[in-house]
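Chemist: what follows is a predicted protein model with its sequence.
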Amino acid sequence: MEFRTAGVIGAGAWGTALAQVTAWAGLDTLLQAREAEVVESISQRRVNEAFLPGVTLDPGVRVTPDLAELGDRDIILAVPPAQHMRATLEAFRPHYRPGVPIVLCSKGIERGSLKLMTDVLAETLPGAPAAVLSGPSFAGEVARGLPSAVTLACADEALGEELLWTLSAPGFRPYLATDLIGAEAGGAVKNVLAIACGIVEGRGLGRSAHAALITRGFAEMTRLAVALGGKAETVAGLCGLGDLVLTCSSPQSRNMSLGLALGQGLSVEEALAGKRSVAEGYQSAPAVRDLAAALGVEMPICTALAALLNGETSVDMVIDNLLSRPLRAEGG
Ligand SMILES: NC(=O)C1=CN([C@@H]2O[C@H](COP(=O)(O)OP(=O)(O)OC[C@H]3O[C@@H](n4cnc5c(N)ncnc54)[C@H](O)[C@@H]3O)[C@@H](O)[C@H]2O)C=CC1
Ligand SMILES: O=C(CO)COP(=O)(O)O
């Protein structure tokens with residue numbers, strides 16, 4: 001099978017950057033945007049001023065407001081915020097051609113149902129071939145052509161191989177995996193941990209605390225991935241550890257910058273006020289907490305973060321509680 005055309009659903013920062021990548025990869029690319037201003041800005045000025053300002057888009061990226069126009073595409077990249085994945089795929093269902101692969105590029109767990117994005121896809125477009133693209137990749141850097149590497153997970157190895165070649169572009173290197181669950185767990189949990197890392201920075205708790213949080217957070221991520229049926233080795237790769245390191249190290253991350261604001265004393269409402277872009281860790285934290293509880297997985301950092309974001313506790317209480325937990329073996 002050879003893929004010549006790509007449809008990207010969702011023209012936020014990441015959907016726009018991925019459309020840039022698929023155009024560079026030589027695919028005829030159609031990007032679907034919900035907002036009329038985004039359609040106008042890309043078609044008139046070749047820039048997504050609302051979500052990815054300052055990056056000129058390749059002439060190969062065409063934009064449409066109309067999901068129906070993506071019905072003839074060879075591959076679909078689904079890039080809405082995770083909490084809108086279900087409604088987005090349902091809206092696309094009348095236009096979906098059976099057999100067309102769906103590459104899930106959003107990072108999160110659905111609130112309420114506690115479902116991963118692959119579960120949401122299986123329920124909305126049953127039988128659709130699925131892949132997960134996830135890893136350390138800031139949209140602004142990728143869209144400028146700076147080097148990045150990500151995990152591309154697909155259970156069907158032949159399809160995965162084909163997608164790997166199709167979606168690689170100069171500077172954008174996907175690495176193949178077969179474990180979708182591990183890839184999804186990594187991307188969802190790192191966003192919650194990035195908020196925690198931001199708090200550590202914002203409170204001035206120091207580099208040692210920062211390193212401890214990344215390491216203990218990685219242990220939580222691994223436990224959840226394994227309990228869900230994923231593999232520890234997957235989360236040790238780009239989609240887990242790699243993305244955790246990136247997102248916990250730079251205020252370019254929306255999640256880390258939310259944490260920075262909280263650590264500096266802003267309330268959650270103040271920190272999120274006026275923001276158009278998504279902080280997926282804020283959205284997924286309650287789902288991560290509930291999933292951990294349902295599976296009996298110990299995730300003290302993510303659980304404390306969920307309570308903090310829900311107004312159940314304060315930054316100081318979270319720090320005190322985490323530091324006074326019983327001492328234990330590191331590998332446990
Ligand atoms: N920005 C980045 O660097 C990266 C983002 N991602 C992931 O990509 C996903 C999308 O994030 P971004 O593109 O950054 O978004 P963004 O924060 O730049 O933009 C918000 C997006 O939400 C959409 N939206 C708002 N209300 C909606 C609704 N009711 N239904 C459907 N869509 C709605 C907007 O159209 C827009 O596309 C997230 O899961 C994020 O974690 C993954 C890798 C990198
Ligand atoms: O997922 C990302 C980088 O890999 C983007 O992180 P933020 O959503 O925190 O900006």
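Modeler: That came through, no problem. Ligands and ions are numbered 1, 2, ... in the order given.
Chemist: can you pull out the helices in the stretch 1-150 of the chain?
Modeler: 13-24, 36-45, 85-92, 117-124, 139-143 (DSSP state H, counting those that start in this stretch).
Chemist: which parts of the stretch 201-332 of the chain sit against ligand 1?
Modeler: Within the stretch 201-332 of the chain, the positions adjacent to ligand 1 are 277-278, 280 by CB under 6 Å from any ligand atom. The way it works is simple: take the backbone N, C-alpha and C, and place the C-beta from them, glycine included.
Chemist: same thing but 8 Å
Modeler: 253-254, 276-278, 280 (CB under 8 Å from any ligand atom).
Chemist: and the helix or strand of the chain at the bottom of the mean pLDDT ranking, what other elements does it pack with?
Modeler: When the helices and strands of the chain are scored by mean pLDDT, DSSP states H and E, helix 315-323 comes last with a mean of 89. The contact analysis (3 or more CB pairs under 8 Å, 6 or more residues apart in numbering; DSSP states H and E) places helix 315-323 against helix 300-309.
Chemist: near ligand 2, which residues of the stretch 101-250 of the chain are found?
Modeler: For the stretch 101-250 of the chain, the residues in contact with ligand 2 (CB under 8 Å from any ligand atom) are 107, 134-139, 187, 190-191, 194, 243, 246-247.
Chemist: isn't residue 150 up against residue 131?
Modeler: No. Contact criterion CB atoms under 8 Å: residue 150 and residue 131 do not qualify, at 11.4 Å.
Chemist: residue boundaries of the strands in the stretch 151-300 of the chain?
Modeler: Per DSSP state E, counting those that start in this stretch, the stretch 151-300 of the chain carries strands over the ranges 172-177.
Chemist: for it, which residue gets nearest to ligand 1?
Modeler: Of all residues in the stretch 151-300 of the chain, residue 277 sits closest to ligand 1, at 3.1 Å by CB to the nearest ligand atom.
Chemist: before we move on, what about the chain?
Modeler: Taking CB to the nearest ligand atom, the chain has residue 12 as its residue nearest ligand 1, at 2.5 Å.
Chemist: count of neighbours near the nearest residue to that residue once chain neighbours are set aside?
Modeler: Setting aside the residues directly before and after it, residue 12 is nearest to residue 51 in space (CB to CB, 6 or more residues apart in numbering), at 4.7 Å. By other CB atoms under 10 Å, 21 other residues sit near residue 51.
Chemist: ok, residue 51 - contacts?
Modeler: 11-13, 16, 38, 276-277 (CB atoms under 8 Å, 6 or more residues apart in numbering).
Chemist: out of the residues you listed, which one sits closest to residue 165?
Modeler: Nearest to residue 165 among the contacts of residue 51: residue 16, at 22.7 Å, using CB to CB.
Chemist: what does stretch 149-159 contact?
Modeler: With CB under 8 Å, 6+ apart, stretch 149-159 has contacts from 1, 101, 103, 129-137, 160, 163-164, 167, 172-180, 182-183, 186, 234, 237-239, 242.
Chemist: buried subset of those?
Modeler: Neighbour counting with 16 or more other CB atoms under 10 Å marks 101, 103, 129-137, 160, 163-164, 167, 172-175, 177, 179-180, 182-183, 186, 234, 237-239, 242 as buried within the contacts of stretch 149-159.
Chemist: look at the closest residue to residue 199 other than its chain neighbours and report its pLDDT.
Modeler: Nearest non-adjacent residue to residue 199, counting by CB to CB, 6+ apart: residue 263, 4.0 Å away. Residue-level confidence at residue 263 comes out at 95, pLDDT.
Chemist: so residue 263 touches residue 203, yeah?
Modeler: Yes. Using CB under 8 Å, residue 263 is in contact with residue 203, at 4.2 Å.
Chemist: between the two, which contacts overlap?
Modeler: residue 315.
Chemist: more neighbours: which of these two?
Modeler: Neighbours per residue, other CB under 10 Å: of residue 263 and residue 203, the larger number sits with residue 263, 22 against 18.
Chemist: list the contacts of residue 20.
Modeler: With CB under 8 Å, 6+ apart, residue 20 has these contacts: 55, 57-58, 61, 142-143.
Chemist: swap the cut-off to 6 Å and go again
Modeler: Residues in contact with residue 20 (CB atoms under 6 Å, 6 or more residues apart in numbering) are 57-58, 143.
Chemist: buried only: go through those for me.
Modeler: 57, 143.
Chemist: let me see the contact set for the residue nearest to the spatial centre of the chain.
Modeler: Nearest to the geometric centre of the chain sits residue 107, at 2.5 Å (CA atoms, centre = their mean). If a contact means CB under 6 Å, 6+ apart, then residue 107 has 187-188, 191, 280 as its contacts.
Chemist: ok, now with 7 Å
Modeler: Contact analysis of residue 107 by CB atoms under 7 Å, 6 or more residues apart in numbering lists 82, 134, 187-188, 191, 280.
Chemist: what's the closest of those residues to residue 213?
Modeler: Using CB to CB, the contacts of residue 107 come closest to residue 213 at residue 191, 14.0 Å.
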